[in-house]
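build me a structure from this.
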Amino acid sequence: MRKRVGSHIPLSGRNPMLQEALGIRPHILVLNKMDLADPRRQPVILEHLKQQGCSHVVFTDCQRDGNVKKIVPLVAKLVGNSPRYHRAESTEYSILVIGVPNVGKSSLINALRRVHLKKGKATAVGGEPGITKAVLTRIQVCEKPLMYLVDTPGVLSPKLGDVETGMKLALCGAIRDHLVGEDIMADYLLYALNKNQQFRYVQRYGLAEACDNIEPVLRRVALAQGKTQKVKVLTGTGNVNVTMLNYPAAAYEFLRDFRAGRLGRVTLD
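From the prediction side, this is the model:
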């Protein structure tokens, strides 16, 4: 069994209910999107995970194949070393891929097929949660050993531990933006960037310096991206169309830049 979360939130992105369900089953924690995370945080994160009893961790970037190649041999080794799975009549592996929404479970399956079978996509991917809506049939990802993966919809814990964990999940797309509010998320993102001393947004949006106020940041984003909207204003002489900056659209662009790595490599945990 394999579980997968994003490198942006290697701790907050783990569903505690799934941790309990794993029990003594062989499993690997795959932290995807490592190209977007701060590499300096990896040793600290690995130590935290080790203290939580998670000893098999693989950082991956599904756009590149380097670390993806480590997964199949590690799965075979863990299953082979587990006496519960020594069944002479069956030599194939069936692996379940589980995790919170929008961490790239489908992308991982496609990457494994590309690496081991030289084949294209077998399951749909997207930048929003909910692309995988049902448990899919087994998908072959390797010939030797014969290995099948099962893609599953993302599963969030029914109760989040605290508000900040929820905000981190939302920033990484595990919760749909409109359920939290792009303006609130943008405000928290600015706080997170400043806290992690990631000030690339200053240069990208033409700000004079780093700031704690989201309003001037969104103003610069709106101006740079041409995010405007026409609003009718009632005056003494009738309705007048006024062009105003579209702050909600600017907030969405700010979030997109973060998710695409254009604001620096950030680990939120």
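
do a quick rundown of the strands in the stretch 101-250 of the chain.
139-142, 147-151, 228-235, 238-245 (DSSP state E, counting those that start in this stretch).

ok, the first one: who's next to it in the sheet?
By that I understand strand 139-142. Strand 139-142 has the following strand partners under DSSP bridges: strand 147-151 (antiparallel).

equivalent analysis for the third one, please.
In the sheet containing strand 228-235, its partner strands are strand 238-245 (antiparallel), by DSSP bridges.

state the pLDDT value of L78.
According to the prediction, L78 has pLDDT 81.

re the thing from before, of all the strands of the stretch 101-250 of the chain, which one is nearest V217?
Closest to V217 of those, according to Cβ to Cβ: strand 238-245, at 12.1 Å. For glycine as for every other residue, the C-beta is placed from the backbone atoms N, C-alpha and C.

got the CA positions of the closest one in CSV?
Output of strand 238-245 as CSV, limited to C-alpha atoms (Å, rounded to 0.1, in the frame of the first residue of the first chain):
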residue,chain,number,x,y,z
GLY,A,238,-27.4,58.5,-14.7
ASN,A,239,-25.4,55.3,-14.8
VAL,A,240,-21.7,55.5,-15.6
ASN,A,241,-19.4,52.6,-16.5
VAL,A,242,-16.2,52.7,-14.5
THR,A,243,-13.2,50.4,-15.0
MET,A,244,-11.9,49.1,-11.7
LEU,A,245,-9.2,46.6,-10.7
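
where in the stretch 1-150 of the chain is pLDDT low?
Scanning the stretch 1-150 of the chain for pLDDT under 70 picks out 1-6, 15-16, 18-24, 65, 83-90, 120-136.

ranges for the helices of it?
Assigned by DSSP state H, counting those that start in this stretch, the helices in the stretch 1-150 of the chain fall at 16-22, 42-51, 71-80, 105-116.

looking at those helices, which is nearest to S7?
helix 42-51 (8.2 Å).

ok, back up a step: mind putting the strands of the stretch 101-250 of the chain in TSV, distance to L74 included?
Formatted as TSV, the strands of the stretch 101-250 of the chain follow (distance: least, Cβ to Cβ, whole Å):
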stretch	distance to L74
strand 139-142	12
strand 147-151	12
strand 228-235	51
strand 238-245	50
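
nearest to S82, out of the ones you listed?
That would be strand 147-151 among the strands of the stretch 101-250 of the chain, by Cβ to Cβ, at 15.3 Å.

and the closest one with helix 71-80, angle?
Relative orientation of strand 147-151 versus helix 71-80 (axes from the mean of the first three to the mean of the last three Cα atoms, to 10 degrees): 100 degrees.
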